[in-house]
Structures are given as C-alpha cells and as structure tokens.
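S.K.: how would this look folded up:
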Amino acid sequence: MKKAVTIKSIAEQLGLSRNTVAKALNGQYVPEATREKVFNKAKELNYKSLNASHISVGKKRYKILLVSGKPLINFNYFIPLVKGVENECFENGYDFFQYTYNSNETPFSRFADHVTDVKADGIVAIECFDKNFIGKLVNLKIPVCFCDFTASDFKTDSKFDIIGTDNEKSISDIVKMLHYEHKIKRFTFVGDRKHCRSFYERYRGMRMGIIGFSGSHSIENDILCNDESFPYGNPDAIKTEILKLSHKPECFICCNDFVARNVINALKTIGMKVPENILVVGFDNVPDAVALSPGITSFSIDKEFIGKEMIRTLVHRIENPSIPSRIITLKTKLILRESTNRQR
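M.R.: This next block holds a predicted model:
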C-alpha cells in the first residue's frame, strides 16, 4: 500500500520545518518563494488535503498603505486598531506601510508621490476627517477604506468604504434607559460634534433618545467647543464651561472616555460627586474608563477587529472595484460602571 503523503513528508523532501509547511498550506504568512515551493511539491506528491480552501500559488501580495491625518496620540484607542491592521496584513502576506499626513506641513502632491513610490494597491485611512484631504485622496482612484469619516457633507463619484460603530443607537438607548430607570431628564453633551462622523452620531443619538421619552433639549445646554481651540484635556477649562450652562445637567454624555474622565475631574472641583449628584457616560471603553474611581460607563469596541475588518473590506474593494460605496457599522457593547450606578 502506498504510504500517505503528510506535511512531515513534504517538509522532509524540501528540507523545511513542518511548521513552515503547515503555515504555507493553511494560508499563513511565509515568503512567497517558500509558499510556491511547498505548493509545487504538494501537487507533485498528490497531497490529498490540498484543496480549494488553501491559498493558491501566485496569490496577490497586496501593498497596503495606512495613512493617518494626524499623529495617533490616543494610544489606548489606536494601538490595538493598528495592531489589527498589521496582523491581518502579516497573516495574508501583504506589504504594509505607514504615512502621517500633516496638511500644514506636507503638500498633497508629496503624499501622492509617496503612494506612487510604494505602489500602493489600497489605502486604509485613520483620523482623516478633513473634507479637502478626503476629496483629494479618493480622487487618486486607489481603493480606500476609512475608519470613521468627516462629519461634513461629502459627495463624490468615487467609490470607497467606511468602517464605523453603532454610535447613534448606542447613545439613544442609554439615554432612554437612564430616563426610565433613574428619571433623568436633563442631558448635556460634551465634545466637538463636528470633529468627525462618530461624534456627530453620538450627539444625534442623545437628541434622539431625549425625543424618545418626549423630552426637550436646547443646543445651549451642551458644551460643543471646537476641539482645535478648546482644551478638552483640561478639567479647569471644562469646569468653566459647565458653570456657564443655564440649566443644571443631570447627566453628561461625553464624546469619548478621555473627555468623560476630564468632565468627572472638573465636577470634583465644583464639589459635585459622580454618580451621587450627577451621571457621566463615555464611549470607546479604553483603560481610562476603569483606571480611576469612579469607573466610567462606556461602550466597548473591539478595536483590533476594526483594524482587521478594514483590511478585509479594502481587499474586497481592490478585487471588486465597481461595487457601490459601503458604510459598515459594527455593534458596540454597553459596559455599565459606577458613573451611572445610582440607586433608584
């Protein structure tokens, strides 16, 4: 009886480790020359487990460029997201490059030359919210997948994809929950709603939640300062804005956890306790949400999964360039903590 061909026998004939051969046959990253050598030998030996589910020889090694519109200083959010991008590229054998674009220092033509120099097949864009930059980027006619997007109206014939989270429904639901469970009626949003699409959706979600329980709200009851000129990281600055409010908020809905933590610090200097006197809600579920007391009620996002999904979505567009533009919305998970844990 003819002896069955195994990964071990392929490895022995090629002088490779079983681990390397297994990776090649299962679509994990190995050098392209090694992958081709393994597949040719597997075919030659009639390796029975070689089937259509395996990645074939000659699989396109895409060149992926990650561009960010500013330095990624929010490490708690962006490190796992970029890790997801890198891992998905590595696992599929794609070449990965990074570029930080500063419109004040770098002419777009220099960035466009870089795209050409690296021969990018596709671009993933993070923290790219400037409408003019987005317009020039999509006009390069290279497939693009954005993580979040501009809050401004944007129209183009170019096709691209956006990965986002379920911001509007998430905030609307918790506003209604806090109203029905704790009789909260007066909400205040904190954050620049025009910073990006996700912040605008969170603001709109708060307004929709208030409408949902037949409440009323005025924009004068919010802290919506432009984040290019207002220091949301400074509790004293936030305190000043809180004291200007004409109504007395019962709950602050914050654009993210970073702002929520500084709102809590600002409230402490006013002598207001969270959650005894007032409630606070954040978003993103970064370590800042749990690092100090009180823990911040927030919405968990699988940031590494977002990074991976950006690459999968981008590759699908590279291979199917004519499909319509898509907005892919990922669900969030509510994490209840002390900042909204008031007894009925």
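
S.K.: What ranges does the stretch 51-200 of the chain have for its helices?
M.R.: Assigned by DSSP state H, counting those that start in this stretch, the helices in the stretch 51-200 of the chain fall at 75-92, 108-117, 131-138, 167-182, 197-212.

S.K.: Convert the C-alpha atoms of the third one to PDB, please.
M.R.: Right, helix 131-138. Output of helix 131-138 as PDB, limited to C-alpha atoms (Å, rounded to 0.1, in the frame of the first residue of the first chain):
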ATOM      1  CA  LYS A 131     -13.000  67.200   3.800                       C
ATOM      2  CA  ASN A 132     -10.500  68.600   1.300                       C
ATOM      3  CA  PHE A 133      -7.900  65.900   2.100                       C
ATOM      4  CA  ILE A 134     -10.600  63.200   1.700                       C
ATOM      5  CA  GLY A 135     -11.600  64.600  -1.700                       C
ATOM      6  CA  LYS A 136      -8.100  64.600  -3.000                       C
ATOM      7  CA  LEU A 137      -7.500  61.100  -1.500                       C
ATOM      8  CA  VAL A 138     -10.400  59.400  -3.200                       C
END
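
S.K.: And that helix, what does it pack against?
M.R.: Helix 131-138 sits against helix 108-117, strand 122-126, strand 144-147, with contacts defined as 3 or more Cβ pairs under 8 Å, 6 or more residues apart in numbering; DSSP states H and E. Every C-beta, even on glycine, is put in place using the N, C-alpha and C of the backbone.

S.K.: Same list (the ones you listed) but as a markdown table, adding mean neighbour count.
M.R.: A markdown table is the format used below for the helices and strands packed on helix 131-138 (neighbours: other Cβ atoms under 10 Å):
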| stretch | mean neighbour count |
| --- | --- |
| helix 108-117 | 13 |
| strand 122-126 | 25 |
| strand 144-147 | 26 |
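
S.K.: Against residue 335, how distant is residue 197?
M.R.: In this view, residue 197 and residue 335 are 22 Å apart by Cβ to Cβ, to the nearest Å.

S.K.: related to what we said a few turns ago, with distance to residue 210 added, can I get the helices and strands packed on helix 131-138 in CSV?
M.R.: Below are those laid out as CSV (distance: least, Cβ to Cβ, whole Å):
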stretch, distance to residue 210
helix 108-117, 41
strand 122-126, 32
strand 144-147, 29
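
S.K.: Please compute how far stretch 321-330 lies from its chain's middle.
M.R.: The chain centre lies 16 Å from the centre of stretch 321-330; the measure is Cα atoms, centre = their mean, to the nearest Å.

S.K.: swap that for stretch 227-246, please
M.R.: For stretch 227-246, the distance to the chain centre is 26 Å (Cα atoms, centre = their mean).

S.K.: Repeat that for stretch 126-135.
M.R.: 15 Å.

S.K.: again with stretch 287-300
M.R.: The answer for stretch 287-300 is 19 Å, by Cα atoms, centre = their mean.

S.K.: Quick one: low-confidence residue ranges for the stretch 101-250 of the chain.
M.R.: Along the stretch 101-250 of the chain, the model assigns pLDDT under 70 to no residue.

S.K.: Tell me which of the helices and strands packed on helix 131-138 sits nearest to residue 61.
M.R.: Comparing the helices and strands packed on helix 131-138 against residue 61 with Cβ to Cβ, the closest turns out to be strand 122-126 (12.5 Å).

S.K.: Give the partner strands of that closest one in its sheet and their orientations.
M.R.: The pairing partners recorded for strand 122-126 under DSSP bridges are strand 63-68 (parallel), strand 144-147 (parallel).

S.K.: and of those strands, who's closest to residue 272?
M.R.: In terms of Cβ to Cβ, the element of those nearest to residue 272 is strand 144-147, at 35.0 Å.

S.K.: Show residues contacting the closest one.
M.R.: With contact meaning Cβ atoms under 8 Å, 6 or more residues apart in numbering, strand 144-147 is reached by 81, 122-128, 134, 137-138, 160-164, 306, 310-311, 313-314, 317.

S.K.: export that strand as CSV, just CAs?
M.R.: Provided in CSV are the C-alpha atoms of strand 144-147 (Å, rounded to 0.1, in the frame of the first residue of the first chain):
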residue,chain,number,x,y,z
VAL,A,144,-9.7,53.4,0.2
CYS,A,145,-11.3,52.2,3.5
PHE,A,146,-11.8,54.8,6.2
CYS,A,147,-12.1,54.3,9.9
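
S.K.: For this protein, just list every one of the strands.
M.R.: Under the criterion DSSP state E, the chain contains strands at 63-68, 95-100, 122-126, 144-147, 161-165, 187-190, 251-254, 279-281, 298-300, 326-330, 333-335.

S.K.: export the ones you listed to CSV and tack on distance to residue 290?
M.R.: Output for these, formatted as CSV (distance: least, Cβ to Cβ, whole Å):
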stretch, distance to residue 290
strand 63-68, 26
strand 95-100, 29
strand 122-126, 24
strand 144-147, 24
strand 161-165, 19
strand 187-190, 20
strand 251-254, 15
strand 279-281, 14
strand 298-300, 9
strand 326-330, 21
strand 333-335, 9
